[in-house]
Each structure stands twice: as C-alpha cells, then as structure tokens.
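**Student:** heads up, no residue letters with this:
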C-alpha cells in the first residue's frame with residue numbers, strides 16, 4: 001500500500017472514477033482562465049488533515065486566487081460558502097472556510113469542477129492524492145495510469 005497522486009485530470013475523469021473516499025488525503029481543482037500566459041486562476045482545495053492558517057490548522061475547504069478581480073473573488077467566496085458552509089477567513093490570496101462540508105468522492109469533486117468551469121469560464125485541472133491505496137484499488141478506480149505520480153520515499 002502506498003500513496004499516489006493523480007494529476008491533470010478533467011472534471012469528467014474524476015467524476016466517473018470509483019474509489020473509497022476515505023482514502024483521499026487531499027485534492028485540488030485549479031481553474032485556469034484563457035489566455036494562460038496572463039496567469040489568472042482560481043484554485044479550490046481540501047486537505048483532510050486541515051489547512052495551515054498561521055500556526056494553527058483549519059478544517060474545511062479553501063481556495064486561492066491569482067490575478068483575479070476582487071468582485072470575482074467575492075463571487076467565488078459566496079458560491080463556496082453557499083454550497084458548503086463554513087466561516088470564511090481570508091489570509092492573503094487564500095480564503096479558508098472553517099467548518100465547511102468536506103467532499104472526497106469523485107462525483108462531488110467533478111461536479112464542483114464543472115460548476116467552477118461554467119460559472120467563472122475556467123478550464124479545470126484536478127489533482128488528487130490517496131493514502132493506503134492498494135494496487136487493486138488503484139486499478140479499479142478507473143483513473144488513467146498515464147496521469148499517475150507515485151510519491152517517492154517512505155509512505
């Protein structure tokens with residue numbers, strides 16, 4: 001059993017995957033606006049063990065942004081808060097939703113990615129990391145081996 005990270009997944013690929021959600025350590029949806037060279041993006045992520053906020057760890061969903069207008073940051077904040085709850089805390093270019101609903105299934109992550117794509121005109125790229133994921137579970141997940149990044153070292 002090892003840790004595995006899949007990267008560059010589409011919303012459809014993650015939505016159609018089959019895995020035990022309790023095996024997910026973290027996931028990230030990076031929504032990129034065209035043209036890519038302007039580096040405009042919104043990232044939504046969730047770490048099972050919490051996200052650092054100063055010296056403490058906060059449980060709940062979070063997002064970060066780069067070169068995004070303030071009104072659009074407010075729209076993303078509202079969308080996430082309306083869907084998943086939590087109290088929003090801003091820290092630089094990150095917004096954490098302490099106590100928000102946590103989602104780990106491919107169907108839920110894929111739907112959130114599709115919602116972000118359509119509402120904010122983004123192209124979503126998803127990464128997801130699993131812990132204690134057996135070879136059998138990996139093969140049964142339906143996730144493409146070509147998008148697999150084994151994590152080296154002691155897992």
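**Tutor:** Structure's in. What do you need? Small disclaimer: the values here were computed from a predicted structure and weren't measured. Numbers count the residues shown, from 1 in each chain.

**Student:** same question for the strand ranked longest in the chain, mean pLDDT?
**Tutor:** Criterion DSSP state E: the longest strand present in the chain is strand 123-133. Averaged over strand 123-133, pLDDT sits at 95.

**Student:** Okay, now the sheet partners of that strand, with direction.
**Tutor:** Sheet partners assigned to strand 123-133 using DSSP bridges are listed as strand 2-9 (antiparallel), strand 24-32 (antiparallel).

**Student:** Any buried residues in that strand, and which?
**Tutor:** Neighbour counts using 16 or more other CB atoms under 10 Å place 123-131, 133 of strand 123-133 among the buried residues. Backbone N, C-alpha and C define where each C-beta goes, glycine included.

**Student:** One more: stretch 88-105?
**Tutor:** Buried residues in stretch 88-105 (16+ other CB under 10 Å): 88, 94-98, 100, 102-105.

**Student:** That stretch spans what distance, first to last residue?
**Tutor:** 23 Å (CA to CA, to the nearest Å).

**Student:** again with stretch 19-37
**Tutor:** 35 Å.

**Student:** got the contact list for that stretch?
**Tutor:** 3, 40-49, 104-106, 109, 112-113, 116-117, 120-133, 137, 140-141, 143 (CB atoms under 8 Å, 6 or more residues apart in numbering).
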